[in-house]
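Undergrad: Structure of the sequence below:
(one chain, ligands or ions: 1)
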Amino acid sequence: MGLGVQADLARLSALEYLHRFIARYAFLEQGSPGTLVTGNVPVGIARGDIVSDGLMLIGDAARQADPLTGGGIANAMIAAQLAAEVAAEALEQGNMSRDLLKEYQRRWTDGRGRKTARNYRLKSRFSAAERTSHGFLRAFAVATGGK
Ligand SMILES: Cc1cc2nc3c(=O)[nH]c(=O)nc-3n(C[C@H](O)[C@H](O)[C@H](O)COP(=O)(O)OP(=O)(O)OC[C@H]3O[C@@H](n4cnc5c(N)ncnc54)[C@H](O)[C@@H]3O)c2cc1C
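TA: Numbers count the residues shown, from 1 in each chain. Predicted coordinates for the structure are as follows:
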């Protein structure tokens, strides 16, 4: 069972929310926990470059998770593919310089990164309470066409 909380909205700890949720459903209370996994998802965007000489940052290290949802798996996979393509080109040219690797950053910024940047702007512009309102969700769905 997975549960995510937004720290600036939560009144209880994630574990307390989880226990409350389980207590609501008799069938869930019949189960027993196997393991507990916890963690944070960075929900900002990178302020500077995500490449340097011989280095490309991908996924959480590059702040590529969706700032509104915290979903980072698909974005990390997309970025990994872009980085692999650029790495192959760089290897062919025998050049791992920052200038060449910046092509990965450009492909990310012009592609999926546009969506994360847009969602970061929305996150910054609307308060946490506003973002959970029905009106905001409806306006967001219309404005983005569900993408
Ligand atoms: C509890 C939780 C639930 C989540 N649920 C979802 C979800 O439902 N959907 C979704 O899209 N996203 C979810 N996310 C976000 C998502 O997991 C991350 O955005 C995504 O996994 C980022 O991928 P990554 O490759 O950048 O990092 P990671 O998946 O964290 O991979 C980094 C890897 O590097 C390893 N590592 C760290 N340090 C070293 C080191 N020094 N040497 C060698 N290896 C090292 C780590 O062990 C890890 O395996 C969740 C995150 C958390 C914490």
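Undergrad: Please enumerate the strands of the chain.
TA: Using DSSP state E, the strands of the chain run over residues 51-52, 55-56.
Undergrad: Adding mean pLDDT, write the ones you listed out as TSV.
TA: Shown next, in TSV, are the strands of the chain (pLDDT from 0 to 100):
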stretch	mean pLDDT
strand 51-52	98
strand 55-56	98
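Undergrad: Just tell me which of those strands ends up closest to residue 32.
TA: Nearest to residue 32, of all these, is strand 55-56, at 42.5 Å by CB to CB. Heads up, the C-betas are built off the backbone N, CA and C, glycines and all.
Undergrad: where along this structure do the helices fall?
TA: For the chain, the helices defined by DSSP state H cover 14-24, 26-29, 73-93, 98-110, 112-125, 128-131, 134-144.
Undergrad: Out of those helices, which is closest to the ligand?
TA: helix 73-93 (3.5 Å; CB to the nearest ligand atom).
Undergrad: could you give the angle of that closest one to helix 112-125?
TA: Angle, helix 73-93 to helix 112-125, by axes from the mean of the first three to the mean of the last three CA atoms, to 10 degrees: 140 degrees.
Undergrad: elements contacting helix 73-93?
TA: Counting contacts by 3 or more CB pairs under 8 Å, 6 or more residues apart in numbering; DSSP states H and E, helix 73-93 packs against strand 55-56, helix 98-110, helix 112-125.
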